[in-house]
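# quick one, what's the 3D model for this:
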Amino acid sequence: MKKTYHGSCHCGAVAYEADLDLQGGTFKCNCSICRKKRNWLAVATPADFRLTSGEDSIGEYQFGPRILHHLFCKSCGISSFNWGENPALGGKFYAISISCLDDATDEELASLPVGYFDGRDDRFDRAPEETRYL
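Sure thing, here's the model as predicted:
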């Protein structure tokens, strides 16, 4: 069941609301940027995502095929969400950083199911052989 979560960067300049079903699944990826940032993400549709403040505070980084828009706060550097386009996900989507959800409790986070993607080898249909480091 979806619940509305509030998320933000560290300094609070960038804030948003996202309607998420976290029990429906979260994910970690081993691609170069996810591994370095130790990303733990959940997907939201555009209808389920609302930026509430900080549009002018957002910087963007892209690399490789430039499919994903890796966003970050220009002040504190925290990446609290990203967006991209994927036909398999219905087009545009938001990748919400679980660690930036301000109102998710420790107990709730500890209970979340986590899936894994082998982004390093562009195999988003399977998990990497090793996931303990993600």
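# wait, Ser80 sits on Ser97?
Yes - if you go by CB atoms under 8 Å, Ser80 and Ser97 touch, sitting 5.1 Å apart. Every residue, glycine included, has its C-beta placed from N, CA and C.
# compare those two (neighbour count), which wins?
Ser80 (24 against 19; other CB atoms under 10 Å).
# and the pLDDT for the more buried one?
Listed pLDDT for Ser80 reads 97.
# re earlier: what touches both of Ser80 and Ser97?
Gly7 (CB atoms under 8 Å, 6 or more residues apart in numbering).
# for Ala127, which non-adjacent residue is spatially closest?
Spatial nearest neighbour of Ala127, excluding adjacent residues (CB to CB, 6 or more residues apart in numbering): Tyr116 at 3.8 Å.
# what is the helix or strand where that neighbour lies packed up against?
Counting by DSSP states H and E, the element that carries Tyr116 is strand 114-117. On a contact count with 3 or more CB pairs under 8 Å, 6 or more residues apart in numbering; DSSP states H and E, strand 114-117 meets strand 26-29.
# quick check: mean pLDDT of the strand it packs on?
94.
# contact partners of it?
34-35, 39-43, 98, 112-119, 124, 131, 134.
# surely Lys36 is within a helix?
Yes - under DSSP: H, G, I helix; E, B strand; the rest coil, Lys36 sits within a helix.
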